[in-house]
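*Asks:* From the sequence below, what's the structure:
(chains A and B)
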There are 2 protein chains.
Amino acid sequence: MLEANGCVVILSGGMDSTTLTYELVAEGHKPHCLSFVYGQRHEREVELAKRTAEKLGLPHTTIDIGDDLKRLIGASALTGQGEIPHGHYADENMKLTVVPNRNMILLSIAIGYAISNRLEAVAYGAHFGDHAIYPDCRTTFVYAMQNVARICHFDPIRIYAPYLLDTKTDICRIGLKLGVPYEDTWTCYEGGERPCGKCGSCVERAEAFQDNCAVDPLVRSA
Amino acid sequence: MLEANGCVVILSGGMDSTTLTYELVAEGHKPHCLSFVYGQRHEREVELAKRTAEKLGLPHTTIDIGDDLKRLIGASALTGQGEIPHGHYADENMKLTVVPNRNMILLSIAIGYAISNRLEAVAYGAHFGDHAIYPDCRTTFVYAMQNVARICHFDPIRIYAPYLLDTKTDICRIGLKLGVPYEDTWTCYEGGERPCGKCGSCVERAEAFQDNCAVDPLVRSA
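*Replies:* Residues are numbered from 1 along each chain as shown, chains lettered A, B, ... in the order given. Here you go, the predicted model:
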């Protein structure tokens, strides 16, 4: 449970950050929601983030990181260059979906947002399942960012990452208990109308629902 | 001395980063130069950064962080809102020139640039004189960023900040020895044609030249 006077949650519109937002609200917080446009293929996520914030009556801000930065971190399949690899997250070729230093850049901006708005914490849905491929999702990375956030301003900023040791299945279980409407989340790396069902992100999502003996509303409605 | 296969230097066009760039070249490096447009009043600095890179035959990239980010970190006198406080850096009212989390944001982007361009290090001219006012210029902040940069990607990125324990006077001494053309640097916080001579940055620059019994070419030409 987060103890802080005000927080901002990085709300991508995916399952993890949406679950985290619902959990924060269930704990009595009224987080500011912050979404980023960084040239990702699946900009639909940002629309869904907005919808979640609206449903929960939370303030929502979208930050477009600008064309120069999009080009910089655009050397990845995730952001429209190259083909999205299919298969499981643990596969070597999923490294193609790494966006150079994305999480440090986005966390830094979120910390700046917290400072500007006099909030004490940044909530962030990094989880265990990301670790194999993305160095900047690992626990040691988040701990190192927590260190730097404590001293980057006059007052310490806390990075709250409660799912750091949880799998997608764990997060899905939490969300199902909270009644998170998962039809309001998007996971697929492809930019299609429907989830492709084949990319690493789709595969992981399907596993999470299966493990919880639940049906993904996105797939049910397909 | 930096030992790395390729580096990017954050070149603002001020005295510190320009001196660092000349020093890296003197050490045999051919750094990529990276400048940021973040809505600072003194965009002249970026022009001067470009000039320095050209003179030294170095690649130069400017990253405009975009309007959303400019608004976010724009709650400061440095970026055009509010009056620039006059006086010495050590004064309490210089806190008005703090840009929320600027250095973490810019370092994160520079690290992303290093990763994208397969460079091993980010060189950064933070110095001791900044410490009193700016939490994100302090040694502990830079050490914490060094920690996170080591683990944010598959290969560690090094943050090289050789002036961390130096004063502006020390940096000026190094630059004068290297023959840095300080007329190619800009320090004043105001957006005027000439340095105002009154803002904290001008006062500190004047002290640095005085301490070295030297004349600032920007003032001489005034």
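
*Asks:* Find the closest residue to chain B in chain A.
*Replies:* A:G66 (2.3 Å; CB to the nearest CB). For glycine as for every other residue, the C-beta is placed from the backbone atoms N, C-alpha and C.

*Asks:* Look up phi and psi at that residue.
*Replies:* A:G66 adopts backbone torsions of phi 90, psi 160, taken as degrees, to the nearest 10.

*Asks:* Repeat that for the one 4 residues further on.
*Replies:* Backbone torsions of A:K70, given as degrees, to the nearest 10, read phi -60, psi -40.

*Asks:* Just the element for A:L24, please.
*Replies:* If you go by DSSP states H and E, A:L24 is part of helix A:15-26.

*Asks:* Where does pLDDT dip in chain A?
*Replies:* By pLDDT under 70, the low-scoring segments of chain A are A:41-42, A:74-99, A:130-133, A:191, A:221-222.

*Asks:* Let's see that with 90 instead.
*Replies:* A:1-5, A:38-45, A:66-103, A:116, A:126-139, A:153-155, A:187-201, A:218-222 (pLDDT under 90).

*Asks:* Determine how far the following helix or strand past the helix holding A:L24 lies from the middle of the whole chain.
*Replies:* Helices and strands here follow DSSP H and E; after helix A:15-26, the next one along the chain is strand A:32-37. Chain-centre distance of strand A:32-37: 10 Å, with CA atoms, centre = their mean, to the nearest Å.

*Asks:* what angle separates strand A:32-37 from helix A:15-26?
*Replies:* Interaxial angle, strand A:32-37 versus helix A:15-26 (axes from the mean of the first three to the mean of the last three CA atoms, to 10 degrees): 170 degrees.

*Asks:* What strands flank strand A:32-37, and is each parallel or antiparallel?
*Replies:* strand A:7-10 (parallel), strand A:60-64 (parallel) (DSSP bridges).

*Asks:* just those: most buried one?
*Replies:* strand A:7-10 (a mean of 26; mean count of other CB atoms under 10 Å in any protein chain shown).

*Asks:* picking up where we left off before, may I see the strands paired with strand A:32-37 arranged in JSON lines, with distance to A:M1 as well?
*Replies:* Listed next are those as JSON lines, based on distance: least, CB to CB, whole Å:
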{"stretch": "strand A:7-10", "distance to A:M1": "12"}
{"stretch": "strand A:60-64", "distance to A:M1": "23"}
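
*Asks:* give me the element the closest residue to A:V122 other than its chain neighbours is part of.
*Replies:* Once flanking residues are discounted, A:V122 sits nearest to A:A110: 4.6 Å by CB to CB, 6 or more residues apart in numbering or on different chains. Using DSSP H and E, the element containing A:A110 is helix A:102-116.

*Asks:* on contacts alone, who are the packing partners of that helix?
*Replies:* When contacts are defined as 3 or more CB pairs under 8 Å, 6 or more residues apart in numbering or on different chains; DSSP states H and E, helix A:102-116 packs onto strand A:7-10, strand A:32-37, strand A:60-64, strand A:121-123, helix A:139-151, helix B:67-72, helix B:102-116.

*Asks:* other SSEs contacting the very next helix or strand once past the fifth one?
*Replies:* What it means is helix A:139-151. The helix or strand immediately downstream of helix A:139-151 is strand A:158-160, counting by DSSP H and E. In terms of contacts (3+ CB pairs under 8 Å, 6+ apart), strand A:158-160 is packed against strand A:121-123, helix A:139-151.

*Asks:* Could you dump those into CSV with mean neighbour count added?
*Replies:* CSV is the format used below for the helices and strands packed on strand A:158-160 (neighbours: other CB atoms under 10 Å in any protein chain shown):
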stretch, mean neighbour count
strand A:121-123, 28
helix A:139-151, 20
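
*Asks:* Columns distance to B:M145 on top of these, output as JSON lines?
*Replies:* Compiled in JSON lines, the helices and strands packed on strand A:158-160 are given as follows (distance: least, CB to CB, whole Å):
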{"stretch": "strand A:121-123", "distance to B:M145": "16"}
{"stretch": "helix A:139-151", "distance to B:M145": "6"}
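
*Asks:* As a quick check, tell me the outermost residue of chain A.
*Replies:* Distance to the chain centre peaks in chain A at A:F154, reaching 27.3 Å (criterion: CA atoms, centre = their mean).

*Asks:* Is it correct that that one is in contact with B:P135?
*Replies:* Yes: using CB atoms under 8 Å, A:F154 is in contact with B:P135, at 5.9 Å.

*Asks:* picking that back up, how many residues are close by the residue nearest to A:V122?
*Replies:* 28 (other CB atoms under 10 Å in any protein chain shown).

*Asks:* The residue of chain A closest to chain B: how many residues sit nearby?
*Replies:* Each residue near A:G66 was counted by other CB under 10 Å, and the total is 21.

*Asks:* Which residue, neighbours along the chain excluded, lies closest to it?
*Replies:* B:G66 (2.3 Å).

*Asks:* show me what contacts that neighbour?
*Replies:* A:63-69 (CB atoms under 8 Å, 6 or more residues apart in numbering or on different chains).

*Asks:* before we move on, back to that, make JSON lines out of the helices and strands packed on helix A:102-116 and add distance to B:L2.
*Replies:* Formatted as JSON lines, the helices and strands packed on helix A:102-116 follow (distance: least, CB to CB, whole Å):
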{"stretch": "strand A:7-10", "distance to B:L2": "34"}
{"stretch": "strand A:32-37", "distance to B:L2": "32"}
{"stretch": "strand A:60-64", "distance to B:L2": "33"}
{"stretch": "strand A:121-123", "distance to B:L2": "32"}
{"stretch": "helix A:139-151", "distance to B:L2": "22"}
{"stretch": "helix B:67-72", "distance to B:L2": "29"}
{"stretch": "helix B:102-116", "distance to B:L2": "13"}
